[in-house]
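# predicted structure and sequence below. I'll ask about it afterward.
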Amino acid sequence: MNGLDQQKIDHLSGLMDARWAREFSEIRALVADLGEERQRVALGERAADSSDEALLDTLSATDEALIRQNLQDVRDIAAARQRIAAGTYGECIDCGDEIAYERLLAYPTAKRCIGCQREHERVKTAREGRSIG
Ligand SMILES: [Zn+2]
């Protein structure tokens, strides 16, 4: 069990809800800007005013890079909501330690403590550096 009490979780959850709403208004604007043909491809049979969850589901397969970026953010939020429901929110997925509340305030969807995140990025950068040459 980590140091997050219900009040802190509620606060972080509220931050994520606000972010979710903002991302989806951007996603809807992006979809609206696509033009008829690409919009039809992105949405299939779905209407652009479908519920957020339905839209997330439908757009998962889209090739539109800008939309994919916003989708990644809402997916992170959906995953964080699942961790809240499972009671594992705020625990580092690598070492199991609690993630500092200050870090969660800045990144409510953080999955790792700052130490593991740095290590994760170091390894990732090293790996990408090798592939570039
Ligand atoms: Zn950790």
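Yes, it's here.
# which parts of the protein sit against the ion?
Within the chain, the positions near the ion by Cβ under 5 Å from the ion are 92, 94, 95, 97, 113, 116. Using the backbone N, CA and C atoms, a C-beta is placed for each residue, glycine as well.
# pretty sure the fifth one is touching residue 93, no?
Think residue 113. No. In this structure, residue 113 is not within contact of residue 93 by Cβ atoms under 8 Å, at 9.4 Å.
# excluding chain neighbours, what is closest to the residue nearest the centre of the chain?
Centroid-nearest residue in the chain, with Cα atoms, centre = their mean: residue 76, separated by 2.2 Å. Using Cβ to Cβ, 6 or more residues apart in numbering and skipping residues adjacent in sequence, the residue nearest residue 76 is residue 109, 4.0 Å away.
# how about the one you found, what does it touch?
Residue 109 sits next to 16, 73, 76, 77, 79, 80 when contact means Cβ atoms under 8 Å, 6 or more residues apart in numbering.
# looking at those residues, spot the one nearest residue 7.
For residue 7, the nearest member of these is residue 16. The distance, counting by Cβ to Cβ, is 15.2 Å.
# and the helices in this protein, which stretches?
Ranges of helices in the chain, per DSSP state H, are 6-33, 36-43, 52-59, 65-86, 101-106, 114-132.
# give the buried residues for stretch 37-46.
For stretch 37-46, the neighbour count (16 or more other Cβ atoms under 10 Å) marks 42, 43 as buried.
# to clarify, my last question referred to stretch 16-32.
Result for stretch 16-32 [16+ other Cβ under 10 Å]: buried residues 16, 19, 20, 23, 24, 26, 27, 28, 30, 31.
# and that stretch, how far from the chain's centre?
Chain-centre distance of stretch 16-32: 12 Å, with Cα atoms, centre = their mean, to the nearest Å.
# my guess is residue 19 meets residue 77, correct?
Yes. In this structure, residue 19 is within contact of residue 77 by Cβ under 8 Å, at 6.3 Å.
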